[in-house]
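J.: please work out how this folds:
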Amino acid sequence: MATKRQAPDDHGVRSKRPRYNTNPNKPANLSGKSFRKAHPVNELKSQIRSLKRLLERDLPANVRVEKERALQTVTKELQDAERAKKKSGMIGKWHKVRFFDRQKAERRLKKARKALEAAAGADAALEKTVEDCEVDVSYAIYYPLEVDYVPLFPSKRKKDGEATERAETDDKAAGREGDQEMWETVRKCMAEGTLQDLREGRLRASGAEVDQEESVSEISAKRVQEKQTSKEGRSKTSQFGKEDNGEDDDSEDETGRGFFGDD
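T.: Model (predicted):
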């Protein structure tokens, strides 16, 4: 009787069957180092939590100092990563609006330069118009990327709420809007050659340098909060003034004895 042939030894041979991803929320190509690289904020937050838990224990002095320094370093890296993430979101949010503002500002600048060249002699008004249009172009390009962009030429809306198309014929009717304080800062940065610093958030709206620990977005939020606080204060003052006037009117009549005075 013939002997039965033995099966080949498959030990150590990699299976050719396809493997399926058991976690659909996490892509198969983002695992391990790749996933941490794609999500730096999550990884840094995890490191901070681990270091804080470790510092809650009784540690030798030299180890505690080392871990505290590591915690400061990771915290700074987390701030930078969150700032970069917010900056990326702002760029995507306002890219189209900035693009349209830049196009319109460049058309206005081209038209103003042609008018200046066509003028017989030096015209101060036309020169001023050209300078303002140059600032408009720089405003659309170098407005800080970390904060909400304030459009120079916002699209008008009809009463029914539908946005109208941007006017391209009558440039005089479409006046410049935007953030006037930032517009003046752009003009100043053009003269000083610091437009790139303004765009990257290294300058305040006033033109002063920003501290490393204070971002442009935080400064912008403070400005908005200050404006809202001043508006609320003015409204409360006017309301209290009206109430005081009303009490004075009701307390006395023209004779000075009040409405229920003795006859």
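
J.: now for the longest helix anywhere in the chain, which elements pack on it?
T.: When the chain is parsed with DSSP state H, its longest helix is helix 61-118. When contacts are defined as 3 or more C-beta pairs under 8 Å, 6 or more residues apart in numbering; DSSP states H and E, helix 61-118 packs onto helix 40-55, helix 124-142. To be clear about C-beta, it is placed using only N, CA and C from the backbone, and glycine gets the same treatment.

J.: deepest-packed of the ones you listed, please.
T.: Per residue and on average, the most neighbours among the helices and strands packed on helix 61-118 fall to helix 124-142, with a mean of 17 (mean count of other C-beta atoms under 10 Å).

J.: give the rounded mean pLDDT of it.
T.: Mean per-residue pLDDT for helix 124-142: 92.

J.: so what touches that helix?
T.: Contact partners of helix 124-142, identified using C-beta atoms under 8 Å, 6 or more residues apart in numbering, comprise 98, 101-102, 105-106, 108-109, 112-113, 115-116, 119, 152, 176, 178, 182-183, 186-187, 189-190, 195-196, 198-199.

J.: again, only this time at 6 Å
T.: Residues outside helix 124-142 that contact it (C-beta atoms under 6 Å, 6 or more residues apart in numbering): 98, 101-102, 105-106, 108-109, 112-113, 115-116, 119, 152, 183, 186-187, 190, 195, 198-199.

J.: pLDDT weak spots in this protein?
T.: The chain contains residues with pLDDT under 70 at 1-39, 156-174, 204-263.

J.: restricted to buried residues, select the contacts of helix 124-142 in ChimeraX.
T.: In ChimeraX, a selection of the buried entries from the contacts of helix 124-142 looks like this (16 or more other C-beta atoms under 10 Å):
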select :98,101,102,105,108,109,112,152,183,186,187,190,195,198,199
